[in-house]
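> please work out how this folds:
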Amino acid sequence: MGNKSLKKNAFYNIIRSMLSFIFPLITYPYITTILIPDDLGKVTFSISVVSYFMLLAVFGMGTYAIKECAPLSGNKKAINERASEFFTFNMITAAISFVLLLLAMLFVKKFHSYTLLLLIQSLQIIFSVISVEWVNVVYEDYKYTTIRFLIIDIINLLILFLFVKKSSDYYIYAFITINTYICMSVTNMLYCRRYVDLKVKKDLDFMGHVRKALPFFINDLSVAIYIGADTTMIGFLTGDKNDYCNGIYSVAVKIYTVVKNVFVAIFSVTVYRLTACIAKKNYDEYYKVLNGVTSYFILLAFPAVTGMIVYADYICMIFGNGKYLEAAPSLRLLAIALLFAVFGGIATRCINVPLGYEVVNTKVTLIVAIENVLLNIPFIIIFAERGAAFTTALAEFTVLFLCALKLKKEHVKLPGLINLKHIRDAIIGCVWICATYVIVGRIEAFYLVRMIIGIAMSVVGYAFVLFAMRNDIFIDIVESKLHLRSK
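Alright, predicted model coming up:
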């Protein structure tokens with residue numbers, strides 16, 4: 001623990017996120033071909049509803065457990081003791097969450113027509129108890145999680161092609177959406193026995209854990225509201241077109257989420273390492289890792305956002321064929337949201353959490369959640385799913401702005417965090433990406449062929465720009481891959 005290569009950990013997590021990118025490229029075009037927007041919208045709405053109860057079941061454990069275990073790095077006995085407490089705590093929170101969901105299904109009239117879908121999705125709550133994904137993060141075991149993810153997704157892919165044949169099979173599709181989580185939870189529970197021996201603690205200080213985990217839970221809930229409330233509110237505010245609008249919006253959100261997960265993968269690797277650096281007062285290493293992550297994100301986020309904006313029509317055609325082309329405007333708005341989300345993530349996860357500013361995250365996300373819900377009402381009523389995408393972009397910007405404002409007020413100095421040279425190089429590369437869109441638009445070919453050509457030209461051209469500008473991050477990567485770095 002702690003001695004494992006950060007680059008290897010990031011590599012495995014990025015591979016996992018790339019798999020999360022590749023599999024939807026295969027499955028989502030198939031799903032959108034089989035399911036009409038209304039049926040896909042029903043599944044999306046049920047997922048959004050249960051997601052709030054899932055948050056209650058987990059109760060911020062992902063970040064809370066990592067934060068609590070970071071100072072115990074290397075003390076396996078102490079971590080094992082804490083793990084049993086966290087496991088018992090989540091048993092209680094999951095039981096409370098499941099009961100509340102059943103009551104909501106009983107008393108909320110809107111949910112009555114989604115009963116079976118909600119019950120299918122509720123299986124996540126039950127299996128959240130045995131997930132203990134945070135154990136893999138504490139022991140920095142990303143290789144196993146990547147291999148497991150690959151195997152389970154291949155199985156799900158086969159199930160999808162074998163059993164989802166017509167639009168009425170959306171119930172089967174709803175189960176497939178949670179099957180990955182169920183399989184990962186079961187296998188992880190068995191695998192993690194090599195690290196921890198989980199037991200039910202009879203003398204658990206439940207309220208003590210509630211107080212400590214509450215800021216993380218409120219933060220996760222607030223994030224879910226300002227990101228996920230869109231789907232729920234579309235379901236309530238768009239009248240008879242609610243399922244159709246949710247179906248269209250789900251395609252844009254899926255693409256946005258897939259790209260965002262690549263960046264979340266790096267966050268997941270670095271948060272524990274950064275927190276451990278602060279706990280051990282190793283500030284030089286903290287700044288080194290933080291500055292490196294920020295530089296990578298500058299060089300990755302700008303081209304990703306630019307590509308999503310200019311190629312939105314092509315992307316929606318690939319993901320959703322002609323039935324979902326209306327998702328392109330929402331995708332462009334969500335691409336802008338992605339840029340703010342990436343750098344907002346650096347502020348909230350890589351700076352605030354390691355430095356102990358969890359309360360700042362809680363306050364900021366709570367403010368943004370309220371802002372998003374209030375703005376969603378008029379924007380969704382007037383602009384439907386496009387209004388929801390706009391408020392998401394505004395919410396992500398607000399998170400970044402408020403965190404930056406707070407850090408400035410607290411006089412937190414982060415030397416070398418923003419490298420203007422990297423921003424300049426990224427912007428020049430993005431100009432080339434825009435140029436490729438104009439070029440491929442003149443090619444007489446099927447949209448998929450044009451998209452592939454455009455991506456290839458964008459990647460090669462962007463790499464050439466970074467090389468020509470002698471970008472130190474890019475040169476370092478090339479030299480390390482070619483084994484030319486001086487020893």
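
> contacts and neighbour counts: CA atoms only from here.
Will do.

> helix or strand with the lowest mean pLDDT in the chain?
Using mean pLDDT, DSSP states H and E, helix 6-34 stands out as the lowest-scoring helix or strand of the chain, at a mean of 73.

> with only the CA atoms kept, save the next helix or strand after that helix in CSV.
Downstream of helix 6-34, the first helix or strand assigned by DSSP states H and E is helix 37-58. Presented in CSV, the C-alpha positions along helix 37-58 are these (Å, rounded to 0.1, in the frame of the first residue of the first chain):
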residue,chain,number,x,y,z
PRO,A,37,-37.2,6.7,-26.9
ASP,A,38,-40.2,6.3,-24.7
ASP,A,39,-39.2,2.8,-23.4
LEU,A,40,-35.6,3.9,-23.0
GLY,A,41,-36.9,7.0,-21.1
LYS,A,42,-38.8,4.7,-18.7
VAL,A,43,-35.7,2.8,-17.8
THR,A,44,-33.7,6.1,-17.4
PHE,A,45,-36.3,7.6,-15.1
SER,A,46,-36.4,4.5,-12.9
ILE,A,47,-32.6,4.5,-12.6
SER,A,48,-32.6,8.2,-11.6
VAL,A,49,-35.2,7.6,-8.9
VAL,A,50,-33.3,4.7,-7.3
SER,A,51,-30.0,6.5,-7.5
TYR,A,52,-31.0,8.8,-4.7
PHE,A,53,-31.8,5.8,-2.4
MET,A,54,-28.5,4.2,-3.4
LEU,A,55,-26.8,7.3,-2.1
LEU,A,56,-28.5,6.9,1.2
ALA,A,57,-27.5,3.2,1.3
VAL,A,58,-23.8,4.0,0.6
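
> give the other helices and strands that helix 37-58 contacts.
In terms of contacts (3 or more CA pairs under 8 Å, 6 or more residues apart in numbering; DSSP states H and E), helix 37-58 is packed against helix 76-107, helix 115-121, helix 123-127, helix 170-191, helix 206-237, helix 242-279.

> the inter-axis angle of it versus helix 242-279?
Helix 37-58 runs at 30 degrees relative to helix 242-279, counting by axes from the mean of the first three to the mean of the last three CA atoms, to 10 degrees.

> ok, back up a step: deepest-packed of the helices and strands packed on helix 37-58, please.
Mean neighbour count (mean count of other CA atoms under 10 Å) peaks for helix 242-279 among the helices and strands packed on helix 37-58, with a mean of 23.

> now that helix against helix 206-237, angle please.
150 degrees.

> average model confidence for helix 242-279?
The pLDDT scores in helix 242-279 average 81.

> and stretch 207-225, by the same measure?
85.

> who touches it?
52, 55-56, 59-61, 63-64, 89, 358-359, 361-363, 365-366, 368-369, 372-373 (CA atoms under 8 Å, 6 or more residues apart in numbering).

> okay, and which of these map to helices?
Those of these mapping onto helices are 52, 55-56, 61, 63-64, 89, 358-359, 361-363, 365-366, 368-369, 372-373, per DSSP state H.

> low-confidence ranges, the stretch 51-200 of the chain, go.
73 (pLDDT under 70).

> picking up where we left off before, quick one: which of the helices and strands packed on helix 37-58 is nearest Pro24?
Distance to Pro24, taken as CA to CA, is lowest for helix 242-279 among the helices and strands packed on helix 37-58, at 7.9 Å.

> export the helices and strands packed on helix 37-58 to JSON lines and tack on distance to Lys199?
Compiled in JSON lines, those are given as follows (distance: least, CA to CA, whole Å):
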{"stretch": "helix 76-107", "distance to Lys199": "5"}
{"stretch": "helix 115-121", "distance to Lys199": "27"}
{"stretch": "helix 123-127", "distance to Lys199": "16"}
{"stretch": "helix 170-191", "distance to Lys199": "12"}
{"stretch": "helix 206-237", "distance to Lys199": "15"}
{"stretch": "helix 242-279", "distance to Lys199": "24"}
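
> Ala393 is nearest to which of these?
Using CA to CA, those put helix 206-237 closest to Ala393, at 9.4 Å.

> nearest approach to Arg16 belongs to which of the helices and strands packed on helix 37-58?
Closest among those, using CA to CA: helix 242-279, at 7.8 Å.

> distance from the chain centre to the closest one, please.
Centre-to-centre, helix 242-279 and its host chain are 2 Å apart (CA atoms, centre = their mean, to the nearest Å).

> in the next helix or strand after that helix, what counts as buried?
Once helix 242-279 ends, the next helix or strand along the chain (criterion: DSSP H and E) is helix 283-310. By 16 or more other CA atoms under 10 Å, the buried positions in helix 283-310 come out as 286-287, 289-291, 293-295, 297-299, 301-310.

> pull out the CA atoms of stretch 427-438 and give them to me as PDB.
Below are the C-alpha coordinates for stretch 427-438, written out as PDB (Å, rounded to 0.1, in the frame of the first residue of the first chain):
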ATOM      1  CA  ILE A 427      -6.100  25.600 -27.400                       C
ATOM      2  CA  ILE A 428      -3.900  25.500 -30.600                       C
ATOM      3  CA  GLY A 429      -4.500  21.700 -30.800                       C
ATOM      4  CA  CYS A 430      -8.300  22.300 -30.500                       C
ATOM      5  CA  VAL A 431      -8.100  24.700 -33.500                       C
ATOM      6  CA  TRP A 432      -6.800  21.800 -35.500                       C
ATOM      7  CA  ILE A 433      -9.700  19.600 -34.300                       C
ATOM      8  CA  CYS A 434     -12.200  22.200 -35.500                       C
ATOM      9  CA  ALA A 435     -10.400  22.200 -38.800                       C
ATOM     10  CA  THR A 436     -10.700  18.400 -39.200                       C
ATOM     11  CA  TYR A 437     -14.500  18.800 -38.800                       C
ATOM     12  CA  VAL A 438     -14.600  21.100 -41.700                       C
END
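
> noted, bye for now.
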